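Q: For reference, the sequence and a predicted model appear below.
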Amino acid sequence: MQTVFSTVLPDMPAAAVIWLVLLAVAATVVAALIVRPSRFRSELVDRISDAARPSSIERAERARVRDQERIRYADEVAVAASRATATAERSRAEWLTAQEEAEAAWQAYQAAEEDVRRLSAAAALPLPRTAKTPAEYADRERWLHRAAMDAQWRDEITVRQLSDILGGNGWDPSRHPVEQELLLRRLVRDNMAARHRAATQREQAAWQAAERAAAAAQSLRDEAFAALHPVAEPQTALSIVGFTGPETTRELPAGTGADVTRELPPVARGRAAVAT
């Protein structure tokens, strides 16, 4: 025991001095944290933020990848826009053709209506008297058949209507030619009116299709332009969460939290140690 005491006791004053120095340093740090905690917290937050932020090389690589993806997407949208533009031009040409057909059908209807008015005025006058003989009836029937075939050749009546006229289905060949012509012109007028309605419907459908195609093409062109010329996003700050006390969290601008989450890696929360 005397040997042990003789070995340890001479070193006790030096050890006590070292412990006192360490205690003094720790007390100084604690006092500084109590007196001015914001300064040390701010420095710690800045160091953690710097450690969490990607390096300039990583940022450049990410920007290059984003640019490549944006250009590739813009090229794909531009191809789709060119196809949509061709479709819109074709739809417009079809609409113009349908419009011309509707105008031609209207003109044909107007001409048929004019013939009906003229013949109606003529039929109101007393009809000339003719001998009611078999030869007269045969002439009237031949005239009706010839007029019906001429109307079908001009595409004014259908083949089925011509068949009804030739077969006497609903038609009386013994009528006077003036009456027969009036009935035939009314049939032609009704056919022209039906064709005009159908042409108008086709023209409306073609116009709507052309409008949709033009809107789709314009939307794709706008999307391609936006992909090539993106709007610059505002710079955002990094939010550090997990420190207690006032002024321990840096707030992000409103509406930009999702962008920071995509751009920056996750930050350790709580009081875990941060590698230097």
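A: Noted; the coordinates are in hand. Small disclaimer: the values here were computed from a predicted structure and weren't measured. Residues are numbered from 1 along each chain as shown.
Q: Please report phi then psi for residue 158.
A: phi -90, psi 170 (degrees, to the nearest 10).
Q: and it, how many neighbours does it have?
A: Residue 158 has 12 neighbours, counted by other C-beta atoms under 10 Å. Bear in mind the C-beta positions are built from the backbone N, C-alpha and C, glycine included.
Q: next one: residue 185
A: Using other C-beta under 10 Å, residue 185 is surrounded by 22 other residues.
Q: Looks like it contacts residue 115 (just checking).
A: Yes - applying C-beta atoms under 8 Å, one finds residue 185 in contact with residue 115, separated by 4.7 Å.
Q: where are the low-confidence patches of the stretch 101-250 of the chain?
A: 127-131, 231-250 (pLDDT under 70).
Q: hey, where'd the helices end up in it?
A: Per DSSP state H, counting those that start in this stretch, the stretch 101-250 of the chain carries helices over the ranges 134-153, 159-167, 177-228.
Q: which residues does residue 98 contact?
A: Residue 98 is in contact with 199, 202-203, 205-207, counting by C-beta atoms under 8 Å, 6 or more residues apart in numbering.
Q: and which of those is nearest to residue 91?
A: Each of the contacts of residue 98 was scored against residue 91 by C-beta to C-beta, and residue 206 proved nearest at 7.0 Å.
Q: Please give me every residue in contact with the closest one.
A: Contacts of residue 206 by C-beta under 8 Å, 6+ apart are 91, 94-95, 97-99.
Q: Dump the contacts of residue 98 to TSV, plus distance to residue 139.
A: Below are the contacts of residue 98 laid out as TSV (distance: C-beta to C-beta, whole Å):
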residue	distance to residue 139
199	38
202	42
203	44
205	48
206	48
207	50
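Q: Next, count neighbours for residue 148.
A: Residues within reach of residue 148, counting by other C-beta under 10 Å, total 22.
Q: Ok, residue 163 next?
A: By other C-beta under 10 Å, the burial measure for residue 163, its neighbour count, is 12.
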